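K.L.:
only geometry, no sequence info:
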């Protein structure tokens, strides 16, 4: 798998992000949807990567710098045709490595509390992420779960 910084101009990436936003709309009420659209992912404090096998997009992930020692994983998504093939695991390994290289001391994320997000929560927990209180402007929300990992 080739994971590379992406400028968010490709149609494959745009379609995967549309699929991600649509999935969040199906599973999360509007007030609890924290997935970012393409324009929001272009903020200077966010770096976006796409993951490829040959010429096929298999996933994506973004890292938002909250401060010089804390990053947040955003928009981690596996293409539906590549689910359960280890894409999310590889993207998470990549994010942890990138966060350490940036000198972050903590890496955090928000995900859904509903059953559909259970596999994601299990994956994060298997990498040492622990449940935590809301961070960086998030509020307590019955539809959200917050996790963090000390690096």
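P.N.:
The structure has been received and is ready for your questions. All of these numbers come straight from a predicted model, not from anything done at the bench.
K.L.:
scan the protein for its longest strand.
P.N.:
Once the chain is assigned using DSSP state E, the strand that runs over the most residues is strand 56-67.
K.L.:
buried residues in that strand?
P.N.:
57, 58, 59, 60, 61, 62, 63, 64, 65, 66 (16 or more other C-beta atoms under 10 Å). (Each C-beta comes from the backbone N, C-alpha and C, glycine too.)
K.L.:
hey, which helix or strand in the protein has the poorest pLDDT?
P.N.:
helix 11-27 (a mean of 86; mean pLDDT, DSSP states H and E).
K.L.:
just how off-centre is that helix within its chain?
P.N.:
Taking C-alpha atoms, centre = their mean, to the nearest Å, the mean C-alpha location of helix 11-27 is offset from the chain mean by 13 Å.
K.L.:
again, but for stretch 51-64
P.N.:
12 Å.
K.L.:
need the phi and psi values for residue 146.
P.N.:
Dihedral angles of residue 146 (phi, psi; degrees, to the nearest 10) stand at phi -120, psi 140.
K.L.:
pretty sure it contacts residue 134?
P.N.:
Yes - counting by C-beta atoms under 8 Å, residue 146 touches residue 134, with 5.3 Å between them.
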